[in-house]
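Student: Here is the input, now give the coordinates:
(one chain, ligands or ions: 1)
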Amino acid sequence: MNCNYFGKCGSCTLHDKTYEMQLDYKYEREKNRFDNLLPKDLSIDIIKSETEQFRYRAEFRIWKTFKDNETKESPLLSYAMNDTEKNTLEIDQCSIVSNDISSLMPILIKSLQEKEILSQKLFSCEFLNSTTGDMLVTLIYHKKLEEKWKVEASLLEKELNISIIGRSRKQKEILSKDFIEEKLSISEQSYTFQYKEGGFTQPNTQVNVQMIEWVLNHTKGKGNLCELYCGGGNFTIPLSKKFDQVLATEISKTSIKSAKLNCELNNISNIEFIRMSSEEFVEALNEVRDFRRLKDVNLQSYNFKNSAKQDEFTTIFVDPPRAGLDDTTRNLTKDFHQILYISCNPETLYRDLEQLTKTHTIQHFALFDQFAYTNHIECGAVLSKRV
Ligand SMILES: C[S@@+](CC[C@H](N)C(=O)[O-])C[C@H]1O[C@@H](n2cnc3c(N)ncnc32)[C@H](O)[C@@H]1O
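Tutor: You can find the predicted model right below:
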């Protein structure tokens, strides 16, 4: 890794290894972990990351060095991370962020430095970038953002050809827009996505595309699809082409809004998105509780609970947060013929698969190196119900 801070910065924790070595290490670790659950003849697919400039979202603290500690005037600004000992490490570049973020970082800090109204009480900076060059920067402050701030920040937007959002306690100032537009080629089809600030996005875009393609390639498309934790429709939209009807749920209002918009942008009409936690969805499907949000949705028409019928084939896709599936969601999942599981935490995935493999067999298993140079790894499993 060609980075001035590799080995010092606490972000890349596997800094004593080359890219291939850290991937081998994670592969061996996960192979041992899942060994007793995987069929003996099943090989694990490995999807590699780019070795540098692979992160399309990043956040840094803003550090200030004062020439005169008493007057606290005209501080020198820099980006900062924690070092491996959790002390502040000032940085002027980062080799894992995208090319665009990398190029913008020095220009932005210099511009912020020159305008007191933009730099005063600024403590954090977040970048959200698309592969098509769209860039959203969120500046986070310990002060109320007044009109003067908006005027200067709007000028900076134009000067740098970026979008800026200002955030402070109970305040969010959107100057031009609060999203970026992304265009992805997935299995040779072109898709457009809008990613909204505050909604979940996969950080490593190249690996994300390969994850979606892996799921598409290993999914038996038949009948209807139920998806939980759908975010902004990252998997939902490409997967919808393989199914008759799709019902997708997610807890975040922001993400559900993006998901609906992403459907329109891609002319997809067979998905129904509902804002609902997975726990609530289980209650709704099991008819334990009525939900006003579902008054116009005919849940039973999807036939997810009729899996005993010979001619119905049911599929569920889950991509939960690090905690994995709660008990009721895991139980619901077991009812489906085909389970597609994407996980960012192998520990909770193992716990869940220990239960799911009592009724289902793992047909395909993959490691996606989304978070290169860290201990984290994303996993994918496709399971089918034993007859
Ligand atoms: C790992 S992200 C996956 C999102 C999406 N599949 C993607 O690829 O962008 C997990 C998502 O689960 C949502 N979430 C978290 N807890 C949830 C819950 N209890 N019920 C439903 N969704 C939840 C989060 O808002 C987030 O969008």
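
Student: does the closest residue to Cys263 other than its chain neighbours have beta-bridge partners, and which?
Tutor: Leaving aside its chain neighbours, Cys263 sits nearest to Ile271 (5.6 Å; criterion: Cβ to Cβ, 6 or more residues apart in numbering). C-beta coordinates here come from the backbone N, C-alpha and C atoms, glycine included. In this entry, Ile271 is beta-bridged to Val246, by DSSP bridges.

Student: Surely Ile271 touches Ala248?
Tutor: Yes: using Cβ atoms under 8 Å as the test, Ile271 is close enough to Ala248 to be in contact (5.9 Å).

Student: Quick one: name the residues of the stretch 101-250 of the chain near the ligand.
Tutor: 200, 202, 228-232, 234-235, 250 (Cβ under 6 Å from any ligand atom).

Student: mind running it again at 8 Å?
Tutor: 199-202, 208, 211, 227-236, 249-250 (Cβ under 8 Å from any ligand atom).

Student: how many other residues sit next to Asp323?
Tutor: In this structure residue 323 is Ala, not Asp. By other Cβ atoms under 10 Å, 8 other residues sit near Ala323.

Student: Please tell me I have it right and it contacts Thr348.
Tutor: Yes: Ala323 is within contact range of Thr348, at 6.1 Å (criterion: Cβ under 8 Å).

Student: before we move on, the earlier item: so how do I select the buried members of the residues of the stretch 101-250 of the chain next to the ligand in ChimeraX?
Tutor: To isolate the buried ones among these in ChimeraX, judged by 16 or more other Cβ atoms under 10 Å, type:
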select :199,200,201,202,208,211,227,228,229,230,231,232,233,234,235,236,249,250
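
Student: Mind checking which of the residues of the stretch 101-250 of the chain next to the ligand are in strands?
Tutor: 227-228, 249-250 (DSSP state E).

Student: Okay, and Lys177 sits in which element?
Tutor: Using DSSP states H and E, Lys177 sits in no helix or strand.

Student: how close does it sit to Ile107?
Tutor: 20 Å (Cβ to Cβ, to the nearest Å).

Student: Of the two, give the one with the bigger neighbour count.
Tutor: For Lys177 versus Ile107, the count of surrounding residues by other Cβ under 10 Å is larger for Lys177: 16 against 12.

Student: Which phi and psi values does the more buried one adopt?
Tutor: Main-chain dihedrals, Lys177, degrees, to the nearest 10: phi -160, psi 160.

Student: Verify the stated contact: it with Ile164.
Tutor: No: counting by Cβ under 8 Å, Lys177 stays clear of Ile164, with 9.9 Å between them.

Student: anything in contact with each of these two?
Tutor: Jointly contacting Lys177 and Ile164 under the rule Cβ atoms under 8 Å, 6 or more residues apart in numbering are Leu136.

Student: Return every residue with contacts to both of Ile271 and Ala248.
Tutor: Joint contacts of Ile271 and Ala248 (Cβ under 8 Å, 6+ apart) are 233, 236, 259.

Student: need the contact list for the residue in the chain positioned nearest to the ligand.
Tutor: Closest residue of the chain to the ligand, Cβ to the nearest ligand atom: Gly231 (2.8 Å). Neighbour list for Gly231: 199-201, 250, 252, 255, 258-259, 319 [criterion: Cβ under 8 Å, 6+ apart].

Student: Would you check which pair of those lies furthest apart?
Tutor: Using Cβ to Cβ, these span at most 15.1 Å, a distance reached by Ser258 and Asp319.

Student: out of these two, which sits in the busier spot?
Tutor: The residue with more neighbours, out of Ser258 and Asp319, is Ser258; 27 against 24, by other Cβ under 10 Å.

Student: where does that one land on pLDDT?
Tutor: pLDDT, Ser258: 96.

Student: Next one: the closest residue to it other than its chain neighbours from Phe273, what distance?
Tutor: Closest residue in space to Ser258, ignoring its immediate chain neighbours: Gly232 at 3.7 Å, by Cβ to Cβ, 6+ apart. Distance from Gly232 to Phe273, counting by Cβ to Cβ: 10 Å.

Student: Now do the shared contacts for the two.
Tutor: Contacts common to Gly232 and Phe273, judged by Cβ under 8 Å, 6+ apart, are Ala259.

Student: Quick one: residues contacting Tyr79.
Tutor: Contacts of Tyr79 by Cβ under 8 Å, 6+ apart are 60-63, 90-92, 94, 105, 109, 125.
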